[in-house]
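Visitor: heads up, no residue letters with this:
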């Protein structure tokens, strides 16, 4: 059902205005950034997030993420909910390859995302979390405006709780998402990750196996300041040139 909904959503938006090229800057997929700096903000579960991306040298992109966390960070699994917290993640993405075919173009990358969490859990005790994520995102350009994103993620996270048992989790997630080129500077995105999760520790007698998941929707944007600045500079230059034009000499 989720896959069908994403497909219909992408198709409708793609057919609505097929004039521009596909998303030039991907924040959830495997494409290499074209702009020097890209911003991305979104909301979902378990957090509201802001990402600051930078184009690196060669095939490397890097960035930082800030998260306002209100759920089981960084992916829901056991129901050990975080009451409220602040997460900070680093991001490094290596673009591995681009494969061009007759009707589609594929980009694949590896994303490493280490992070920390400072929060209180539902028992009003201090919680410190640490997380490592390895994601392999694949962007598939299916239209001039639309990229479908698939891939897999391996996460390992641990929680240190004051006056409570410490515990950890290992989710293995599979991604399905979409990125859409709204205009030359804005690209909305959506993703849903789902897969098995293994919990350990917490005073239990063994591993806790179940489903893990997370989702998010938001928008990436770039170049807006520069575009406005260039427009202002062009207008100012044109006005200056008009003012400096010499008056025509009268014809005798």
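Guide: Everything's here; your move. This is a predicted model, so every value here is computed, not measured.
Visitor: residue 84 and residue 176, how far apart?
Guide: 29 Å (CB to CB, to the nearest Å). Placement of C-beta: from N, CA and C, glycine included.
Visitor: what about these two, which has more around it?
Guide: Per other CB atoms under 10 Å, whichever of residue 84 and residue 176 has more neighbours is residue 176, with 18 against 12.
Visitor: and the more buried one, what element?
Guide: Residue 176 belongs to strand 167-180 when assigned by DSSP states H and E.
Visitor: quick one: name whatever helix or strand follows that strand.
Guide: Next in sequence after strand 167-180, counting helices and strands by DSSP H and E, comes strand 186-201.
Visitor: for that next one, packing partners?
Guide: helix 2-16, strand 146-161, strand 167-180, strand 208-221 (3 or more CB pairs under 8 Å, 6 or more residues apart in numbering; DSSP states H and E).
Visitor: flag every buried residue along the last one.
Guide: Spelled out, that is strand 208-221. 208, 212-216, 218, 220-221 (16 or more other CB atoms under 10 Å).
Visitor: show me what that strand is packed up against.
Guide: Strand 208-221 packs on strand 37-45, strand 167-180, strand 186-201, going by 3+ CB pairs under 8 Å, 6+ apart.
Visitor: please convert those to TSV, extending it with distance to residue 26.
Guide: Converted to TSV, those look like this (distance: least, CB to CB, whole Å):
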stretch	distance to residue 26
strand 37-45	9
strand 167-180	6
strand 186-201	8
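Visitor: just those: most buried one?
Guide: strand 167-180 (a mean of 21; mean count of other CB atoms under 10 Å).
Visitor: got the contact list for the spatially closest residue to residue 177 that is not a sequence neighbour?
Guide: Using CB to CB, 6 or more residues apart in numbering and skipping the chain neighbours, the partner closest in space to residue 177 is residue 191 (3.2 Å). Listed by CB atoms under 8 Å, 6 or more residues apart in numbering, the contact set of residue 191 reads 28, 149, 175-178, 215-217.
Visitor: tell me the one of these nearest residue 120?
Guide: Checking these against residue 120 with CB to CB, the nearest one is residue 216 at 22.8 Å.
Visitor: low-confidence ranges, the stretch 1-150 of the chain, go.
Guide: 1-22, 79-80, 122-124 (pLDDT under 70).
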